[in-house]
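**Student:** No letters, just coordinates:
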């Protein structure tokens with residue numbers, strides 16, 4: 001039984017081209033926490049699309065997750081980030097999707113944002129939900145990215161960022177007993 005669940009997104013609006021074949025991806029990590037303080041990474045969705053495709057994919061994923069699972073969107077500090085966040089929030093909210101925005105720190109804060117999750121994983125308090133079929137295809141790429149994350153610029157950290165956002169959101173979420 002979970003006391004909290006969310007899917008946090010690290011968004012990008014790019015598709016691979018000849019000049020930029022390894023562009024940033026949009027990643028959404030679904031995570032939950034139980035009453036005993038154990039965390040469960042349930043899924044990570046990764047794709048490369050332009051803005052309209054990103055927004056539609058996030059909405060489709062939210063409907064599949066269930067409308068009771070909040071969508072967490074990072075809000076970059078610049079004007080463009082604030083405008084994009086407001087647009088995404090309005091679109092998703094009008095579809096009946098619960099949206100939470102979290103302030104994104106600059107690149108230098110990425111390690112600090114990821115460190116609490118890494119510490120909990122090291123302590124054995126993070127579980128990965130496995131089904132034993134094709135639904136597990138996300139796990140290996142997710143583990144590779146998280147294990148190779150150093151905080152250096154130029155390395156892919158899309159799944160790292162969405163994982164850190166999901167974890168930090170659940171840590172700050174308080175559930176009142178009924």
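**Tutor:** Yep, that arrived. Only a predicted model underlies this, so the values are computations on that prediction, with no experimental measurement involved.

**Student:** Which other helices and strands does the helix or strand where residue 29 lies contact?
**Tutor:** Assigned by DSSP states H and E, residue 29 falls within strand 26-34. If contacts are counted by 3 or more CB pairs under 8 Å, 6 or more residues apart in numbering; DSSP states H and E, strand 26-34 sits against strand 2-10, strand 39-47, helix 51-65, helix 158-172. C-betas here are computed from N, CA, C, even on glycine.

**Student:** Any buried residues in stretch 119-131, and which?
**Tutor:** For stretch 119-131, the neighbour count (16 or more other CB atoms under 10 Å) marks 120, 121, 126, 128 as buried.

**Student:** Among those, which lie within strands?
**Tutor:** Counting by DSSP state E, the buried residues of stretch 119-131 place 126, 128 in strands.

**Student:** where in the protein is pLDDT low?
**Tutor:** 1-3, 105-108, 154, 173-178 (pLDDT under 70).

**Student:** what's the angle between the host helix or strand of residue 84 and helix 51-65?
**Tutor:** Assigned by DSSP H and E, residue 84 belongs to helix 79-94. Put simply, helix 79-94 runs at 40 degrees to helix 51-65, going by axes from the mean of the first three to the mean of the last three CA atoms, to 10 degrees.

**Student:** Out of the helices and strands packed on strand 26-34, flag the one nearest residue 88.
**Tutor:** helix 51-65 (6.2 Å; CB to CB).

**Student:** contact partners of that closest one?
**Tutor:** Helix 51-65 is contacted by residues 7, 9, 11-13, 26, 28, 30, 45, 47, 49, 69, 71, 84, 88, 91-92, 95, 97 when judged by CB atoms under 8 Å, 6 or more residues apart in numbering.

**Student:** that older thread, quick one: buried residues of the following helix or strand past the helix holding residue 84?
**Tutor:** Next in sequence after helix 79-94, counting helices and strands by DSSP H and E, comes strand 99-103. For strand 99-103, the neighbour count (16+ other CB under 10 Å) marks 99, 102 as buried.

**Student:** same thing with stretch 130-141?
**Tutor:** For stretch 130-141, by 16+ other CB under 10 Å, it's 138, 139.

**Student:** now residue 77, nearest residue through space, not along the chain?
**Tutor:** residue 104 (6.7 Å; CB to CB, 6 or more residues apart in numbering).

**Student:** residue contacts, the one you found?
**Tutor:** For residue 104, the contact set (CB under 8 Å, 6+ apart) comprises 74, 75, 76, 77, 81.

**Student:** Distance from stretch 19-37 to the middle of the chain?
**Tutor:** 4 Å (CA atoms, centre = their mean, to the nearest Å).
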